[in-house]
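A.B. asks: can you look at this prediction? I've put the sequence above it.
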Amino acid sequence: MPTFFEKKQLVTPGELLAEGDYLPGENTYMEENKIYAQRIGLVDDENKKVNVVALRAFYVPKVGDIVIGTVVEVGFNGWTIDIKSPYTALLRASDVLSRPFKPQNDELSQVLNAGDLIVAKIASYDRAHDPQLTVGEPGLGKITRGQIMRVVPTKIPRVIGRKGSMISMIKQETGCQIILGLNGVILVTGKTPEDEEFAMSAIKKIEQESHISGLTDRITQLLKENKVKVEENKIE
Amino acid sequence: MNEKTEKLIDKKGIRLDGRKADELRPIKLQVGVLGNADGSAYIEHGKNKILAAAFGPREMHPKHLALPDRMVLRCRYHMAPFSVQERKSPAPSRREIELSKVIRESLEPALFLELYPRTGIDLYVEVLQADGGTRCAAITAAALAIADAGVPMRDLVVACAAGKIDDTVVLDLYDAEDKLGAADVPLAYMPALNAVTLLQMDGVLSPDEFEKAVDMAMTGCKKIYEMQKEALKTKYMVVKEVEE
């Protein structure tokens, strides 16, 4: 019952990963007791389970996920939201208004209009229905300031880091508020556009280099260098 | 046989373009060449130059084409007006519509269509320069474009043709051999699963010759498969090297 890979090896779809007593994990599939890769990514195994961390993927909705989306259409009793996924999401008017919704009294485009950005949570989703969103929790709702950036959705766990170490470090060093949408959209809000720009460059670096070891050290280095620069500017 | 026609293969077994019977044309593959597509690939197979772009999975438009239980793969094979010697009308011809279907059907077995119902993948194959065997080169490039878009696949699909010129079975026919030769057998294949997804034949072959052609095409496919994997990996290797 062998495996056919080294840890963190780059594999392509169709590559044979393991045979026999193993379980197919993320981005892998099993056929005739053999496990193959489904996507291009890095292999790893844990407790007899073979996983591929995909380098290229799209976001598939999951109930409970926080996502950031764009309003694409104002409908009769809700909005259509683009959440950068194969499926467009729906947000119902009654959920936003938190009171009974009457089409004759409320003009929906004054609450949220096409092009507005929102932070929302996925309330329901299954194979047969498009995902439904909710904004009825603290921290959710329309985005009024900050900057938006996109990364590959599978890289979000790397931006968060082990127990949130990476993201809290970036937040602390740049003084920015960062909201991570699990669909790969990230909102960065800081005191100045320079702070935001800098936090974004750090996240971009994580995305591009997450498959190379020693990432945390390089990001720490980057953040320190910037701090020195900022202080020098202040003195001048 | 008309004696006046030039021989396509000489006594030493060398073909008109200097290749041996079982030799492929030089192939160059590149992944991620287009900025606006979710996934893309470019292939130079001999004198063939083909671009493939993949979008999705995304919501189907028009919506009534979406299927409730599975994903739809939509493919457009198109030859640029400048891809051949005589100007080709840019309107889709009978042949292009057929090849679109053939390419689609050869790629579908590699996809997990049931995973994302009600969505669609759009695949655009643009032939910039044609020199025989474009359907095979197109399938090879299209599979890479879909993999680059991050769509889960059972295996990369790779295609290659074999055929008969004069009385010899040869690999990877180019335009002149295709037109003047006796037969052409394009084959698409998933090497890891040892599964054939496309097998066509045009011309006349004896059962023995047919078997030999299929074997030859499969061997050719396996060689191209290695190049395909290499091309897909190279995109990420480059970033790695810059950093180290």
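C.D. replies: Nice, thanks for sending it over. The structure presented is a predicted model; accordingly, all values stated were derived computationally and were not measured.

A.B. asks: ok, now which ones touch the residue of chain B found nearest chain A?
C.D. replies: Residue of chain B nearest chain A, by C-beta to the nearest C-beta: B:D155 (3.0 Å). For glycine as for every other residue, the C-beta is placed from the backbone atoms N, C-alpha and C. Residues near B:D155 by C-beta atoms under 8 Å, 6 or more residues apart in numbering or on different chains: A:P13, A:G14, A:Y36, B:A110, B:M190, B:P191, B:A192, B:L193, B:A195.

A.B. asks: and the fifth one, how many neighbours?
C.D. replies: For B:M190, the number of neighbouring residues by other C-beta atoms under 10 Å in any protein chain shown comes to 23.

A.B. asks: repeat that for the last one.
C.D. replies: B:A195 is surrounded by 14 other residues when neighbours are defined as other C-beta under 10 Å.

A.B. asks: which residue is the nearest non-sequential neighbour of B:V72?
C.D. replies: Of all residues not flanking B:V72 in the chain, B:G120 sits nearest, at 4.2 Å (C-beta to C-beta, 6 or more residues apart in numbering or on different chains).

A.B. asks: B:C160 belongs to a strand?
C.D. replies: Yes - under DSSP: H, G, I helix; E, B strand; the rest coil, B:C160 falls within a strand.

A.B. asks: correct me, but it touches B:V170?
C.D. replies: No - B:C160 is not in contact with B:V170 according to C-beta atoms under 8 Å; the separation is 11.9 Å.

A.B. asks: which residues touch the helix or strand A:S201 falls within?
C.D. replies: Using DSSP states H and E, A:S201 sits in helix A:193-209. The contact list for helix A:193-209 (C-beta under 8 Å, 6+ apart) reads A:146-147, A:149, A:151-152, A:155, A:158-159, A:166, A:170-171, A:174-176, A:178, A:186, A:188-190, A:215, A:218-219, A:222-223, A:226, B:239, B:243.

A.B. asks: which among these end up buried?
C.D. replies: Among those, the ones that count as buried by 16 or more other C-beta atoms under 10 Å in any protein chain shown are A:146-147, A:149, A:151-152, A:155, A:158-159, A:166, A:170-171, A:174, A:176, A:178, A:186, A:188-190, A:215, A:218-219, A:222-223, A:226.

A.B. asks: give me the subset of those residues lying in strands.
C.D. replies: Under the assignment DSSP state E, the buried ones among the contacts of helix A:193-209 contribute A:Q147, A:M149, A:I178, A:I186, A:V188, A:T189 to strands.

A.B. asks: residues touching the third one, list them.
C.D. replies: Under the criterion of C-beta under 8 Å, 6+ apart, the neighbours of A:I178 are A:I167, A:I170, A:K171, A:I186, A:L187, A:V188, A:T189, A:A199, A:I203.

A.B. asks: ok so, going back, buried ones in the helix holding A:S201?
C.D. replies: A:D195, A:E196, A:F198, A:A199, A:M200, A:A202, A:I203, A:I206, A:E207, A:Q208, A:E209.

A.B. asks: next one, pLDDT for the second one please.
C.D. replies: It stands for A:E196. Looking at A:E196, its pLDDT stands at 91.

A.B. asks: how far away is the closest residue to it other than its chain neighbours from A:K121?
C.D. replies: For A:E196, ignoring the flanking residues on the chain, the nearest one in space by C-beta to C-beta, 6+ apart is A:G190 at 4.2 Å. Separation of A:G190 from A:K121 (C-beta to C-beta, to the nearest Å) stands at 24 Å.

A.B. asks: can you give me the helices in chain A?
C.D. replies: Residue ranges of the helices in chain A, as given by DSSP state H, are A:93-97, A:108-111, A:156-160, A:165-174, A:193-209, A:215-235.

A.B. asks: quick one on the thing from earlier: make CSV out of the contacts of B:D155 and add distance to B:G39 and pLDDT.
C.D. replies: Shown next, in CSV, are those (distance: C-beta to C-beta, whole Å; pLDDT from 0 to 100):
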residue, distance to B:G39, pLDDT
A:P13, 12, 96
A:G14, 16, 95
A:Y36, 20, 96
B:A110, 14, 97
B:M190, 18, 97
B:P191, 20, 96
B:A192, 20, 95
B:L193, 21, 94
B:A195, 22, 96
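
A.B. asks: which one of these has the most neighbours?
C.D. replies: Result: A:P13 is most packed of these (other C-beta under 10 Å), 29 neighbours.

A.B. asks: for that one, give me its contacts.
C.D. replies: A:Y36, A:A37, A:Q38, A:R39, A:I40, B:A110, B:A147, B:P152, B:M153, B:R154, B:D155, B:L156.

A.B. asks: how about a cut-off of 7 Å?
C.D. replies: Neighbouring residues of A:P13 by C-beta atoms under 7 Å, 6 or more residues apart in numbering or on different chains: A:A37, A:Q38, A:R39, A:I40, B:A147, B:M153, B:D155, B:L156.

A.B. asks: count of residues packed around the last one?
C.D. replies: This points to B:L156. Around B:L156 there are 26 other residues, counting by other C-beta under 10 Å.

A.B. asks: and the contacts of A:P13, which is closest to B:A37?
C.D. replies: Nearest to B:A37 among these is B:A147, at 12.8 Å by C-beta to C-beta.

A.B. asks: hang on, isn't B:V33 packed against B:E44?
C.D. replies: No - using C-beta atoms under 7 Å, B:V33 is not in contact with B:E44; the gap is 11.6 Å.

A.B. asks: now the terminal residues of stretch A:16-30, how far apart.
C.D. replies: End-to-end span of stretch A:16-30 (C-alpha to C-alpha, to the nearest Å): 10 Å.
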